[in-house]
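Engineer: could you look at this predicted model? Sequence included:
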Amino acid sequence: MKVSSQTIIHECPFAKKTYEIEIYSPLDLVKFLHQNDPSSYEKFVVNIGAADGVTGDPCYAIYKEGWPGLAIEGSDNKALFDNLPQENVKKITNQFCTPFNIAELLRSGGTPTDFSFLKIDIDGYDGPVLQAILGAGFKPAIIQAEVNQEIPFPFEFSVSYSEEYIPVYSGPLGTSHTGFHGMSFAYALRIAQAYGYHFVSASEKYLVDVILLRNDLAGLFGSKIRSDYEGLREIYFEHPAKPPNLTYFRHPDPLMAFSWRSRNDYEVLASELFVKLSEHCRIKHNGKILPFYFSMHPFASMRGLGTSRT
């Protein structure tokens, strides 16, 4: 890549390899884009799941550079208006984004078809919302989307839309998303490939967010499009697992999600994952099972390893 980056060295015990990974800043990426291709994409930043607009948010630094955009938050977070006082950034609070309203929210917020940067982090049905945005014809140059890293490659998981979905659980086990949230890395990359995007970086050393770039910009940025099964698997294992104390599956065994990474008995593991996701859904939703998608990346299925459940 032709953009400045942070280099991280990671020794992966499962792949028995040492990886050198590059972490790119969204601010540096969008600046590079507009310095080298100023006419193809309008300067505009969409922040879905903006929270207070600052904490851990990649859009904040870009907005501070004077870029216009749209920031949407599902809660009544008044700090968003204080932290983003810019008039050219439209703020919307008390508005949950769904696959059914997101296109109109973006249109009414002045979002152009070809714009610079999209960030999505809503701790729930991120996958269906992202797919709805791209399916509606929006073409952000760069996307940062949260993923549920603990669902190992090649398993595809995504929370489906439901009015009953609760983003954050609060109960006897503490306050957490639980393991039932978001979308897995494999699911995110399948959406990316379907709409002409490829992986360029994680947002940090852990694979908490993926940063995706449009394929037609690969030459400009000097990025490598890795779309084959082994390439995607390599991306997943390049990044270290989260420490046991940070895993959302830490009850009852904080090492459980860590052990999933080392397994290749996919048929057996698929059943265990499906059961565990169902359990975490019940914990979060007072005993109810809400709809979710669970399968394997198609490349795994073509190797005779596939399973699919909804």
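Structural biologist: Yep, it's here.

Engineer: report the buried residues of stretch 164-171.
Structural biologist: Buried residues in stretch 164-171, defined by neighbour count with 16 or more other Cβ atoms under 10 Å: Tyr165, Ile166, Pro167, Tyr169. Bear in mind the C-beta positions are built from the backbone N, C-alpha and C, glycine included.

Engineer: and it, average pLDDT?
Structural biologist: The predicted model assigns stretch 164-171 a mean pLDDT of 83.

Engineer: ok now it, how far from the chain's centre?
Structural biologist: Distance of stretch 164-171 from the chain centroid (Cα atoms, centre = their mean, to the nearest Å) equals 19 Å.

Engineer: what's the average pLDDT for the helix or strand where Lys90 lies?
Structural biologist: Here Lys90, judged by DSSP states H and E, is contained in strand 89-92. Mean pLDDT, computed over strand 89-92, is 98.

Engineer: for that strand, packing partners?
Structural biologist: strand 69-72 (3 or more Cβ pairs under 8 Å, 6 or more residues apart in numbering; DSSP states H and E).

Engineer: find the nearest non-adjacent residue to Asn148, please.
Structural biologist: The shortest distance from Asn148 to any non-neighbouring residue, by Cβ to Cβ, 6 or more residues apart in numbering, is to Gly182 (4.3 Å).

Engineer: ends of stretch 137-151, how far apart?
Structural biologist: End-to-end distance for stretch 137-151, by Cα to Cα, to the nearest Å: 29 Å.

Engineer: list the buried residues for that stretch?
Structural biologist: Within stretch 137-151, the residues scored as buried using 16+ other Cβ under 10 Å are 138-151.

Engineer: do stretch 47-59 as well
Structural biologist: Neighbour-count burial for stretch 47-59, counted by 16+ other Cβ under 10 Å, picks out Asn47, Ile48, Gly49, Ala50, Ala51, Asp52, Gly53, Val54, Asp57, Pro58, Cys59.

Engineer: how much space separates the second one from Thr98?
Structural biologist: Put plainly, it is Ile48. Look at Ile48 and Thr98: by Cβ to Cβ, to the nearest Å, they are 11 Å apart.

Engineer: need the overlap of contacts for those two.
Structural biologist: Val129 (Cβ atoms under 8 Å, 6 or more residues apart in numbering).
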